[in-house]
Structure formats: structure tokens, C-alpha cells
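Peer 1: need a structure here:
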Amino acid sequence: MLKTSTFEENLRAVVGPQNLRAASTGDLVSGVFPQFVAEPDDEHQLAAALSLANDAGIAVVPRGGATKLDWGNPPKKADLILSTARLNRIVEHAWADLTVTVEAGCTLQRLQERLAKHGQRLAFDTLWPERATIGGVLSTNDSGALRLRFGALRDLIIGVTIALPDGTLASSGGKVVKNVAGYDLPKLVTGAFGTLGVITRAVFRLHPLPRAAKTFSFSAETFQAMQQHILAIQDSQLAHTSLQIRCTAGQLPAADILFEATEVGLAAQESHLRNLLGSARVEQSSESLWSARQNLWYLPSKAALLAKINLLPTEIAKTLDSLNSIGESRRVNWQIVLQATGIGTLRLEVDPILPSEAVEQLRRELQSRGGALVVLRRPPELHSFDAWGDAGDSVPLMRAVKNQLDPKNTLNPGRFVGGI
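Peer 2: Next up, the predicted model:
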């Protein structure tokens, strides 16, 4: 047990006794038990609390809605949970300029409901939007099917404010309070898993809500035929918003495509799609199919492993073939939801004795073809398994940035690529 009585007293003075409590079993971070949970009232309190922890050698884990708190590797230490739950304001919706400034603890669903009153949206989708917070979504870089049309989070964020371990509130882009010279903070902290600073607010560009939308589905007899359909759609003049493939071991692949336009525009897009796919059967489907990625997390199994995979769109058929081969040789049941961008969510249900071997085999095959596999959630037996794999030549640069912004390794130690 750390000797933290002085630190605890100072922290209580900063955030208030009502906003500091002892951690409970519900606060575990990948099996690591923290000592305290602090919920500051504003970003200035949060920055001051982070600075106290940094000076005292206390390891800090930032937390939003805790929907993805077990992603990445288990932390080497987790003494203090620093929650953004009270930083939940929508600071400014400049609807005429199509921008919004929002605090990190605001959930995506609440933000979207507010924006919808002006016929606008933040054009990305994430897992568990009713609980996932803006800060957590940015930190994990989690986006779904809308990414095909509107880009990744790095394309939508235009400004960010973060609390650095030394207590500085640093901003970049958008409405600047204080710049950190030489760093593009919005892009730097997106996907950094809270290892560089604690996001306190962000500024996003917005898009109008669609006038109408329709989803269509189609299947293919082989993986290669499905890949040809996907590439043909991507190379066509179709103005689709989203395009995903759904596949389960032992079944034919299916795909879903989303169009957003006027009613006249939707009719034209449907006609073009049917002509493009020829003899493939195209049917209008429910919009609930766009929850397929999230549904992978809820299927009952005691030995399920979920991973994010990246691959070239031209490697879709080979990757599905690899999954089939691994499934047959290692007794692995699998399901995948794969976006046309080559980013997908994979679920493996395996014998606990074999999962690491199956995952390593698939990871090697993906990497040999320019892809990657990151483990997001795994059975307890696999907590020691590296979530990230080989990051190659990028690790020294990542370490250099980490050492510049968090030289004492206060934030999320060990959770990110290369043990950062």
C-alpha cells in the first residue's frame, strides 16, 4: 500500500471531499485495483488533481463512461481513477458554423440529441453511444460504419483541450486558449489511449442530418465474389454512406449498404446498385443491421476474444479464407463485421488453451499483408497476452512524444503500444 495520506489530503482539498472516494471492485482496470476515484467539477480541478498525482508518483487512469476501460494492455499501475463524469457540458453549439464545443464527459447520445434539434449531427458512430463519452471515444479512436463517408475522428475533430501531467491546460486548433508549440494535439491524442494527457473538451465539425435513408443487403456465394462486389461499389459513382460485410464461420458472407439522400436520390441509388451487382439478390433491410458490430460483444460465451483488425480492401477474401482455415484447424468459431475501409471487429470463441496461438497466427498473416490485429477484450486467462503486437519503427517516435508530454509515466503506464 502506498503512503498516500498527504496526497489524499491535498487531493481532497482540490476536488472537494464530495468528489473523492475510495475505489471499489467496480473500479477495477483489467484486474488492477486502484486506491482512489476522483470526479473533479471542472477542467481546472482535473488539471490540478493530475499535477498532484504527477508530483507524488501516483499512476493515473483517466475514465469516462468506462465502456472501453479494459481495451489495451492492463496498466502496470493504477492508483487513481480520474473521472470526467462531471465534465459533461455542451459548451457551445455554433450551429450556423457547423461546429460544437463539448466537454469530455458528455455522452455521444446526449450530444447527438442536442445537435438533432438543429438538424445536425456529429457524423461518427461508436459502440454504446448512450454511455460512451467524447473523451473516451477520442482516446480509443473508436468509430464505426459512418467512417467510410465522413472520415475518421481525426478528420472531424478541429480542436482539443487536454490536461498535461504537470497541470497545464493545453489547447490546439479550434478556439485556442494555450498552444503547445510543434504538436497537432487533436490528432495526437486521438487514439493515444489517455497516455499523453487527459482530454477535457473538444471541438468538432458537424454535418446535416440526412433527409431520408435506406439500407440494402446482398450476399455472395464465395469470399472472392464478395470482395469483387465491394470493390465494384467502391469504384462506382454510388454515393453510399456506409458499406459493411457480415460473416460467420460456415456461412456465406453478406453485405449491407446505406444510402442517405432525398427520396428521389435514394431511388436512383437503388437502381444503380441493382444494375451494378447484376444477378446478386438485393433486398431492402432494417437499419438495425448497423448494430451488427455492437452485437458481437453481447453473444454469450465464457471464452470470447474480440479484436480490431485492419487490412487492405483488396485482402478481404484472403483474410476470410485465413479465418476459415484457422477456424477449422484450431477449433475456433468466428464472426466478423468488416467495413469497406478494411477496418473490422472480429469475435473468436475458442478453447482457453488455444486462443493465443490462433490469434498470433492470424496476426502474423495480417501483418504479412500490410494489416494489423489489436485485441480489445479477452478472457481472464489472456490478460498477459500483448494487445497490440509489433508496431514496428513507430515505437521510438511514440516514446519520444510520451517522454516529452508525460516524462514521469504518470498516465496509463503500460497500456499502449510497446508498453508505453
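Peer 1: Looks to me like residue 172 is in a helix.
Peer 2: No. Residue 172 is assigned strand when assessed by DSSP: H, G, I helix; E, B strand; the rest coil, not a helix.
Peer 1: Quick check: closest non-adjacent residue to it.
Peer 2: residue 185 (3.6 Å; C-beta to C-beta, 6 or more residues apart in numbering). Every C-beta, even on glycine, is put in place using the N, C-alpha and C of the backbone.
Peer 1: For that neighbour, list the residues it contacts.
Peer 2: Shown in contact with residue 185 (C-beta atoms under 8 Å, 6 or more residues apart in numbering): 160, 162, 170-173.
Peer 1: As a markdown table, the residues you listed with distance to residue 207, pLDDT and neighbour count would be great.
Peer 2: Converted to a markdown table, the contacts of residue 185 look like this (distance: C-beta to C-beta, whole Å; pLDDT from 0 to 100; neighbours: other C-beta atoms under 10 Å):
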| residue | distance to residue 207 | pLDDT | neighbour count |
| --- | --- | --- | --- |
| 160 | 19 | 95 | 27 |
| 162 | 25 | 97 | 31 |
| 170 | 28 | 94 | 21 |
| 171 | 24 | 91 | 20 |
| 172 | 23 | 86 | 22 |
| 173 | 18 | 75 | 17 |
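Peer 1: picking that back up, pop out the phi and psi values for the residue nearest to residue 172.
Peer 2: According to degrees, to the nearest 10, the main-chain angles of residue 185 amount to phi -60, psi -40.
Peer 1: roughly how far apart are it and residue 171?
Peer 2: Per C-beta to C-beta, to the nearest Å, residue 185 is found 7 Å from residue 171.
Peer 1: what's the answer for residue 32, then?
Peer 2: 31 Å.
Peer 1: Residue 34 too?
Peer 2: With C-beta to C-beta as the criterion, residue 34 and residue 171 are 28 Å apart.
Peer 1: same check, this time on residue 218
Peer 2: Residue 218 is 46 Å from residue 171, by C-beta to C-beta.
Peer 1: for residue 413, same thing?
Peer 2: Applying C-beta to C-beta to residue 413 and residue 171 gives a distance of 25 Å.
Peer 1: Contacts made by the host helix or strand of residue 347 with the rest, please.
Peer 2: Using DSSP states H and E, residue 347 falls within strand 343-349. By C-beta under 8 Å, 6+ apart, the residues outside strand 343-349 that reach it are 147, 245, 293, 296-297, 299, 301, 303-311, 323, 332-338, 355, 358-359, 373, 376.
Peer 1: between the contacts of residue 185, which is nearest residue 69?
Peer 2: residue 162 (18.6 Å; C-beta to C-beta).
Peer 1: Hmm, residue 186 and that closest one touching each other?
Peer 2: No. Taking contacts as C-beta atoms under 8 Å, residue 162 lies outside contact range of residue 186: 9.6 Å.
Peer 1: Setting aside sequence neighbours, what's the nearest residue to residue 118?
Peer 2: Of all residues not flanking residue 118 in the chain, residue 95 sits nearest, at 4.3 Å (C-beta to C-beta, 6+ apart).
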